[in-house]
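Undergrad: next come a sequence and a model predicted from it.
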Amino acid sequence: MAHADASRCIEDICRPRFVRPEPGSVARRLLGQMRDSVDGTVLAQPSSQARRIENVSRDLHESRRVRQPVGAAMDQGEHLDVTINEAAAQVVTDKAVRPRHQDPRHILLTPIAPRILAGMTTRPRNPTREVRIGDIAIGGTHPVAVQSMAATKTQDIQATTRQVRLLQDAGADIIRIAVDSRKDTDALIQIAQIAERPLSVDLQEHYRLAEVIAPHVQKIRYNPGHLYHHEPQRAIRDKVAFLADIAANNDCAIRIGVNCGSVDPDKVDLFPADDSIGPMLASALEHCEMLDDQGFTRYCVSLKDSDPNKVIEANKRFAAQRPEVPLHLGVTEAGLPPDGVIKTRIAFEQLLSAGIGDTIRVSLTLPFDDKGDEVTAGRQILDDIAAGRFRSVPEYRPEGINIISCPSCSRVENEAFIDLAHKVRDVTEYAKMHSITIAVMGCRVNGPGETDDADVGMWCAPTFVNLKRGEALIGRFGYEEVLDVLKTEVDRLITTAS
């Protein structure tokens, strides 16, 4: 395949912001193979990458040809000849989002080896329909949008306003904020007045709050599994019709947000206990049909799990059945950086390179002031995929301890949850070579269900932590006390396995 054709495949998949390098620059020569044949723009990281390449290239003038195996997307044994500049190779090898200080929680990406894959390893984007969200659109030929979510309590107007501004400054295209009460909606109405990016409201369990907040946001996200909690006697189809009417009357888009830990209970009973993807897929397809029946097609879908392999499979299966519906990609409760970024990167590489995905979110457990790092990591991943830089891991098989933790939101009833997640990583460092999964969840909504599959689960209440062994409750402990009990449980698992 010619480079021009390959470039169109790459552009269809990721399309980050376009910049024009300086005429004659090394960056331009390197990225020229991804040139748009119409207007001459090129895919590139904003100018900092080009400047780094230029600086290194002053001392490195030799070019070389690199011959190496292409990733699993190509036939086994097939190879690719790629001409790269020595300077660019050095930059790619060293490329990382640098920590602000030595605390490892701030390290977003580990250095990426310069494995450069051709555009021919990718497929064109699925022909999804365009869905407008405020002043941006997803789907169709639009660039992949990067989203994030406010982690502060929505009723804390000052803190949440600060978080919205932080995410805006980081470059978020869409910002999600949760509401679970009228006090939350009253606060969000005030916060919306300062927002410069489209807002997506997360309805949590109370779907009727959509009527109050819809005039002030641009998108409504609801979880099919949560529609059962409020007014259980009312038919789900009627609730979906209510949401569709509210969205249509207030110029809002909708996201059907299916989550592994809170799946529609009616769907769970239809599948074997070891099939967690089937119920998610059935729920998403059913709710698409419900919205279609209402004549409402301005919606997208997300199917999220903490296991990137399941995220890949669920989204591929959905895209095969409803290729016209835009997909929001994410690995829920990806956890702490850098592991959380690696899990997410693997899912995004496999899906985006297959033409699947229209918006993304990197969900990380971070201090409030660092929430913009989610956006930074998301754009980093998109830029790398656009440039053909992949980890090329065909399947994620975690080795050693696997810590799953949610990214926090307004449902979290004690902000000590974030510190607890980091302490869990520290106190279990000695067990890092053992295959143990620990889940740390911040609230009562998703916590109980999303800790069931972990070897040890922790979901946080305002003053105590529920500690679980699989689905069984071990007990309730204080935020500091629980760490000692956790270590005892980890030791028991190590002894049992040996």
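TA: Ah, there it is.

Undergrad: and the nearest residue to Thr152 once chain neighbours are set aside, helix, strand or coil?
TA: Of all residues not flanking Thr152 in the chain, Ala159 sits nearest, at 4.2 Å (Cβ to Cβ, 6 or more residues apart in numbering). Just so you know, the C-beta spots here come from the backbone N, C-alpha and C atoms, and that holds for glycine as well. At Ala159 the chain is in helix, as set by DSSP: H, G, I helix; E, B strand; the rest coil.

Undergrad: test my guess that Ala159 contacts Ala151.
TA: No: contact between Ala159 and Ala151 fails when scored by Cβ atoms under 8 Å: they sit 9.4 Å apart.

Undergrad: between those two, what contacts are shared?
TA: Overlap of the contact sets of Ala159 and Ala151 (by Cβ atoms under 8 Å, 6 or more residues apart in numbering) consists of Phe368.

Undergrad: neighbour count for these two, which is higher?
TA: Ala151 (28 against 17; other Cβ atoms under 10 Å).

Undergrad: report the residue ranges of every domain in the chain.
TA: Domain assignment of the chain by automatic domain parsing yields the ranges 3-109, 131-386, 402-497.

Undergrad: need the winner for burial among these.
TA: domain 131-386 (a mean of 21; mean count of other Cβ atoms under 10 Å).

Undergrad: measure that one end to end?
TA: 23 Å (Cα to Cα, to the nearest Å).

Undergrad: again with stretch 438-456
TA: Start-to-end, stretch 438-456 (Cα to Cα) is 5 Å.

Undergrad: one step back: the domains of the chain: which one's closest to Arg123?
TA: Of all those, the one in closest proximity to Arg123, counting by Cβ to Cβ, is domain 131-386 (4.2 Å).

Undergrad: from what I can see Cys252 touches Lys219, true?
TA: Yes: Cys252 is within contact range of Lys219, at 5.8 Å (criterion: Cβ under 8 Å).

Undergrad: which residues in the stretch 151-300 of the chain form strands?
TA: Ranges of strands within the stretch 151-300 of the chain are 174-178, 199-202, 219-222, 253-259, 299-304, based on DSSP state E, counting those that start in this stretch.

Undergrad: where does pLDDT dip in this structure?
TA: Where the chain drops to pLDDT under 70, the residues are 1-122, 391-399, 407-414, 444-447, 449-450.

Undergrad: alpha carbons only: can I get whichever helix or strand Phe417 is part of in PDB?
TA: Assigned by DSSP states H and E, Phe417 belongs to helix 416-427. Only the C-alpha atoms of helix 416-427 are listed here, as PDB (Å, rounded to 0.1, in the frame of the first residue of the first chain):
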ATOM      1  CA  ALA A 416      -9.600   9.600  51.700                       C
ATOM      2  CA  PHE A 417     -10.500   6.900  49.100                       C
ATOM      3  CA  ILE A 418      -7.800   8.300  46.700                       C
ATOM      4  CA  ASP A 419      -5.100   8.200  49.300                       C
ATOM      5  CA  LEU A 420      -6.200   4.700  50.300                       C
ATOM      6  CA  ALA A 421      -5.900   3.400  46.700                       C
ATOM      7  CA  HIS A 422      -2.300   4.600  46.600                       C
ATOM      8  CA  LYS A 423      -1.500   3.100  50.000                       C
ATOM      9  CA  VAL A 424      -2.900  -0.200  48.900                       C
ATOM     10  CA  ARG A 425      -0.300  -0.200  46.100                       C
ATOM     11  CA  ASP A 426       2.400   0.700  48.600                       C
ATOM     12  CA  VAL A 427       1.600  -1.900  51.300                       C
END
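
Undergrad: which element follows that helix toward the C-terminus?
TA: strand 437-441.

Undergrad: and that next one, what other elements does it pack with?
TA: Judged by 3 or more Cβ pairs under 8 Å, 6 or more residues apart in numbering; DSSP states H and E, the packing partners of strand 437-441 are strand 402-405, helix 416-427, helix 447-450, strand 456-460.

Undergrad: closest to His206 out of the ones you listed?
TA: Short answer: helix 447-450, nearest of those by Cβ to Cβ, at 18.0 Å.

Undergrad: off-centre distance for the helix or strand containing Asp484?
TA: Taking DSSP H and E as the criterion, Asp484 maps to helix 481-497. Relative to its chain's centre, helix 481-497 lies at 30 Å (Cα atoms, centre = their mean, to the nearest Å).

Undergrad: now render the strands of the stretch 151-300 of the chain as JSON lines, adding distance to Pro462.
TA: Below are these laid out as JSON lines (distance: least, Cβ to Cβ, whole Å):
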{"stretch": "strand 174-178", "distance to Pro462": "17"}
{"stretch": "strand 199-202", "distance to Pro462": "20"}
{"stretch": "strand 219-222", "distance to Pro462": "25"}
{"stretch": "strand 253-259", "distance to Pro462": "23"}
{"stretch": "strand 299-304", "distance to Pro462": "26"}
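
Undergrad: for Leu352, find the nearest of these.
TA: Taking the strands of the stretch 151-300 of the chain one by one with Cβ to Cβ, strand 299-304 is closest: 14.5 Å.

Undergrad: that older thread, identify whichever of the helices and strands packed on strand 437-441 lies nearest to Ala320.
TA: The nearest among those, by Cβ to Cβ, is helix 447-450 at 26.3 Å.

Undergrad: where's the residue nearest to Arg208 when sequence neighbours are not counted relative to Glu289, distance?
TA: Nearest-residue entry for Arg208: His230, 7.0 Å, with adjacent residues in sequence omitted and distances by Cβ to Cβ, 6+ apart. According to Cβ to Cβ, to the nearest Å, His230 and Glu289 sit 22 Å apart.

Undergrad: next: Ile157.
TA: 39 Å.

Undergrad: next: Ile136.
TA: 27 Å.

Undergrad: with Leu167 instead?
TA: Leu167 is 33 Å from Glu289, by Cβ to Cβ.

Undergrad: same thing with Thr160?
TA: Distance from Thr160 to Glu289, by Cβ to Cβ: 35 Å.

Undergrad: again, but for Met433
TA: 47 Å.

Undergrad: what's the answer for Tyr479, then?
TA: 44 Å.

Undergrad: kindly report the same for Ala235.
TA: 14 Å.

Undergrad: can you check Ala386 too?
TA: Where Glu289 is concerned, Ala386 sits at a distance of 34 Å (Cβ to Cβ).

Undergrad: which residue ranges of the stretch 201-350 of the chain form helices?
TA: 210-213, 236-249, 265-268, 277-293, 308-321, 339-352 (DSSP state H, counting those that start in this stretch).
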